[in-house]
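> next input, structure requested:
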Amino acid sequence: MPYAFTEQGVAMLSGILRSEKAINMNIAIMRAFVDVRKIILKQNNLNEQLLEIKERLGEHDVQLNELYDAMDNLLDEKIAQLKWKDRERIGFKIKE
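Numbers count the residues shown, from 1 in each chain. Got it, this is the predicted structure:
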């Protein structure tokens, strides 16, 4: 097992050691623990943000596919209308 102090161990050590150097080192170590905690919290927040972005992109893909399908349907209808207008007429023709 490695020899290391936890944050609580460093706090307890400050009650025993009384030299100026020990107090300054204790403060520096406690600040390091605080900074590490902040980094871990930011990392978790970034992971949550990445998951949210991935979900949104997935939703956007679905929505874009729906749009493409709707546009294809509109184009098919327009082509059908043009074919209907351009069909060969049968029956009586009126002379003008």
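> the helices in this structure, which residues?
Applying DSSP state H to the chain gives helices spanning 7-16, 20-85.
> packing partners for the last one?
The one in question is helix 20-85. In terms of contacts (3 or more CB pairs under 8 Å, 6 or more residues apart in numbering; DSSP states H and E), helix 20-85 is packed against helix 7-16. Every C-beta, even on glycine, is put in place using the N, C-alpha and C of the backbone.
> avg pLDDT for the helix it packs on?
For helix 7-16, the mean pLDDT works out to 77.
> residues making contact with it?
5, 22-23, 26, 29-30, 33 (CB atoms under 8 Å, 6 or more residues apart in numbering).
> ok and it relative to helix 20-85, angle-wise?
Inter-element angle recorded for helix 7-16 and helix 20-85: 160 degrees (by axes from the mean of the first three to the mean of the last three CA atoms, to 10 degrees).
> how far does helix 7-16 sit from its chain's centre?
40 Å (CA atoms, centre = their mean, to the nearest Å).
> tabulate the CA atom coordinates of it in PDB.
This file holds the C-alpha atoms of helix 7-16, laid out as PDB (Å, rounded to 0.1, in the frame of the first residue of the first chain):
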ATOM      1  CA  GLU A   7      -7.700  15.100   3.200                       C
ATOM      2  CA  GLN A   8      -8.800  14.300   6.700                       C
ATOM      3  CA  GLY A   9      -5.400  12.900   7.600                       C
ATOM      4  CA  VAL A  10      -3.800  16.200   6.500                       C
ATOM      5  CA  ALA A  11      -6.300  18.100   8.600                       C
ATOM      6  CA  MET A  12      -5.500  15.900  11.600                       C
ATOM      7  CA  LEU A  13      -1.800  16.400  11.100                       C
ATOM      8  CA  SER A  14      -2.100  20.100  11.300                       C
ATOM      9  CA  GLY A  15      -3.200  19.700  14.900                       C
ATOM     10  CA  ILE A  16       0.000  17.900  15.800                       C
END
